[in-house]
Structure formats: C-alpha cells, structure tokens
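S.K.: Need coordinates for the following:
(chains A, B, C and D)
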2 protein chains.
Amino acid sequence: MIVPHRVLVLKELADLLGVLSHPHRLRIIEELRDGEHDVNSLQAALQISHSGVSQHLMLLRANRLVSERREGRHVFYHLRQPEIAVWLMEATNFLERGTVDANELRKAIGKARKDWSGTTQR
Amino acid sequence: MIVPHRVLVLKELADLLGVLSHPHRLRIIEELRDGEHDVNSLQAALQISHSGVSQHLMLLRANRLVSERREGRHVFYHLRQPEIAVWLMEATNFLERGTVDANELRKAIGKARKDWSGTTQR
DNA sequence: TGCGAATGTTCGAATATTTGAATATGACAA
DNA sequence: TTGTCATATTCAAATATTCGAACATTCGCA
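M.R.: I've put the predicted structure just below:
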C-alpha cells in the first residue's frame, strides 16, 4: 500500500533534520535562542570563519529556520520559531547512546540542560 | 568563553539528528512505532533493496536507536525508546518552510498526523 | 547432509556536504 | 569620493553519504 502523503512528510522531515544535524548550526540556534544576534557576534561565539557562519546562516535561512533584520551594515538573525530550540533540547533525552564515554556525556548533558533551562525566550 | 560540555552535547545531538535525517530511516522508525518488525516486512513496506534496509538498520543499531531480537532465522527490530517517534512527530510543527508547495504540504502533514495519532505504543 | 530463505557485509560509483580562500556588495565615516 | 567594515557569494578541494550489486553467513527443513 502506497501512502504518498507520508512519504512527502517524511522527506520534508528528513530535510529539516538534515539541516539541523550540524554542530555549528545547532550552536547558532542555541545562540539565537535568547534573542537576535548579528553575524559578527555569532562568529565570535562559534570561533569559526565568517564565511562558515555566513554559509550556515544561508542554509538556515533557505530552510526558513531563521530570518534576518538589517540595520545599517549589520544583519541581525533570529529564530522564526523559537520553540524549535525547546524541542531540540528535549532530544537530549535520547542522547545516551554509548558512542562516547557514557559518564562524561551524562555529566555534560546535565550541565547543558542547566545552562539552557529558563533562558529560552517566549 | 569556551563551554566544552555544550560542544560535546551539541556534537552528539548533531550526530543523532544526522542518523535520523533520512526518509528511509524515518520510515523504519515509523514502522517500528507500533511494535517490532523483521527485515523482510520492513523491506516490503519501504520498497527498497534488502541491502538498503539492512544498512539503515545497521546505522540505527550502531546508534542504539533500535535493538534486535533473533527468533530462528528472523531478526525482529524494535525501537529502544519509542518516545522518540512521538518526539519526531512534534517536529511536523516546524515543517512548513516553503520548500515544496505549502498547501500540498499542509494537507499531507494533516493526514500524516491523523495516521500517526493514537497508534504509538506506550 | 545439502538446499533455500533471511539477513549481513563489502565494494565502488554516484552524489551530496563541508570547508576555506578569494571575490563581491553595500553602508557608513571621514 | 574614498576607504573600510560587515556581510554575501562563488568556487574548488576534501570529505562523507547513499546505493545497488555481489558475495557471505546462518538457520531450518527435507
């Protein structure tokens, strides 16, 4: 039995997950969680080349995860749907998969959750 | 300021999302949502080569998303954390991103949600 | 024992993603 | 207007992913 709408939705969902599946892009989303930032401040936070930041932002923009606001020569980016950051954080529940040292990871997850809790806008 | 535990967690999270970001693997997770299936029945459902199914299962297994139960010459797979299927379904909220025809996608999402609701195993 | 069905593994070609370097644009300040 | 800073875009190399075909293994049954 062919179920075309499922196939379509799963394709879209896979694309979305693919866009999200990069540490730098997750960091960007994390940074934008508590409000807008310009490219410079993102670059400072991520410690990668500005062209890298720019390209990741381009991908996020193309997939409508962020949008921009220009102000003079600065471009400020913000999350279109801040709830996505909350949703991503829930994924830490599924994270203990034994690929790195389990204890170290568990501790890191605990700390990260603490960092993240309560800071999300809206 | 360097925040190593965040980097670690985001790396892990990105890996997880990467594993999930393939339509066939999402289909497998969807199929397994309501209980275990063997490779054959998954292949019948997905309509791809058995080696494809096998390779996707291998990846899911390596990332501890599924586990197996052998019974004679059959191998039955099930989700380690069925809640992950529920979590994935929530992502359909973020899906309307304009990459395909928005109306068509909206309709498909509606149907898929209907299919999915209520069927998930505890 | 030997055959066939169910599953797993390996390989290489095709394709996609990531990266940094180089170049371009556009706005502000002097 | 000229220079410079913030951001975008393009390109090509390096790397990773996906896929099907071929081969391997294991189990159950005749």
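
S.K.: CA only for contacts and neighbour counts going forward, please
M.R.: Noted.

S.K.: number of nearby residues for A:Asn93?
M.R.: 12 (other C-alpha atoms under 10 Å in any protein chain shown).

S.K.: Over to A:Ile28?
M.R.: Quick note: A:Ile28 (other C-alpha under 10 Å) scores 25 neighbours.

S.K.: What of A:Glu71?
M.R.: With other C-alpha under 10 Å as criterion, A:Glu71 counts 9.

S.K.: Likewise for the one 5 residues further on?
M.R.: The criterion is other C-alpha under 10 Å. On that basis, A:Phe76 has 20 neighbouring residues.

S.K.: so it bridges to which residues?
M.R.: On the basis of DSSP bridges, A:Phe76 is bridged to A:Asp38, A:Arg69.

S.K.: so it makes contact with A:Ser41?
M.R.: No: A:Phe76 is beyond contact range of A:Ser41, at 9.7 Å (criterion: C-alpha atoms under 8 Å).

S.K.: Okay, and the nearest residue to A:Ile29 once chain neighbours are set aside sits in which element?
M.R.: Distance criterion C-alpha to C-alpha, 6 or more residues apart in numbering or on different chains; nearest residue to A:Ile29, sequence neighbours excluded, is A:Ala85 at 6.8 Å. Using DSSP states H and E, A:Ala85 maps to helix A:83-90.

S.K.: can you give me the mean pLDDT across that helix?
M.R.: Here helix A:83-90 scores 94 as its mean pLDDT.

S.K.: where does chain A have low pLDDT?
M.R.: A:1-4, A:97-102, A:117-122 (pLDDT under 70).

S.K.: how about the residues of it that lie near DNA strand C?
M.R.: Within reach of DNA strand C by C-alpha under 7 Å from any atom of the strand, chain A has these residues: A:18-19, A:21-22, A:24, A:48-49, A:51-52, A:55, A:71-73.

S.K.: and the lengthiest helix in chain A, which residues are buried?
M.R.: Looking across chain A with DSSP state H, the single longest helix is helix A:4-20. Buried positions in helix A:4-20, judged by neighbour count with 16 or more other C-alpha atoms under 10 Å in any protein chain shown: A:5-20.

S.K.: Would you mind checking the residues of chain A next to DNA strand C for buried ones?
M.R.: A:18-19, A:21-22, A:24.

S.K.: possible to save those as CSV with distance to B:Ile28?
M.R.: Below are those laid out as CSV (distance: C-alpha to C-alpha, whole Å):
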residue, distance to B:Ile28
A:Gly18, 17
A:Val19, 20
A:Ser21, 19
A:His22, 23
A:His24, 28
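
S.K.: Quick check: residues of chain A near DNA strand D?
M.R.: A:38-41, A:50-51, A:54-55, A:57-58, A:68, A:73-76.

S.K.: Drop anything exposed from those residues.
M.R.: Members of these classed as buried by 16+ other C-alpha under 10 Å are A:38-39, A:57, A:68, A:76.

S.K.: Tell me the one among the residues you listed nearest to A:Arg106.
M.R.: A:Leu57 (29.8 Å; C-alpha to C-alpha).

S.K.: what's the distance between that closest one and chain B?
M.R.: 15 Å (C-alpha to the nearest C-alpha, to the nearest Å).

S.K.: give the contact list for that residue.
M.R.: By C-alpha atoms under 8 Å, 6 or more residues apart in numbering or on different chains, the contact list for A:Leu57 reads A:25, A:66.

S.K.: Okay, and it sits in which element?
M.R.: Going by DSSP H and E, A:Leu57 is part of helix A:50-62.

S.K.: In CSV, could you pull the C-alpha coordinates for that helix?
M.R.: The C-alpha atoms that make up helix A:50-62 are tabulated as CSV, following Å, rounded to 0.1, in the frame of the first residue of the first chain:
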residue,chain,number,x,y,z
HIS,A,50,32.9,34.3,9.0
SER,A,51,32.3,32.6,5.7
GLY,A,52,31.4,29.5,7.6
VAL,A,53,28.9,31.3,9.8
SER,A,54,27.5,33.0,6.7
GLN,A,55,27.0,29.8,4.9
HIS,A,56,25.4,28.1,7.8
LEU,A,57,23.1,31.1,8.2
MET,A,58,22.3,30.9,4.5
LEU,A,59,21.2,27.3,4.9
LEU,A,60,19.1,28.0,7.9
ARG,A,61,17.6,31.0,6.1
ALA,A,62,16.8,28.9,3.0
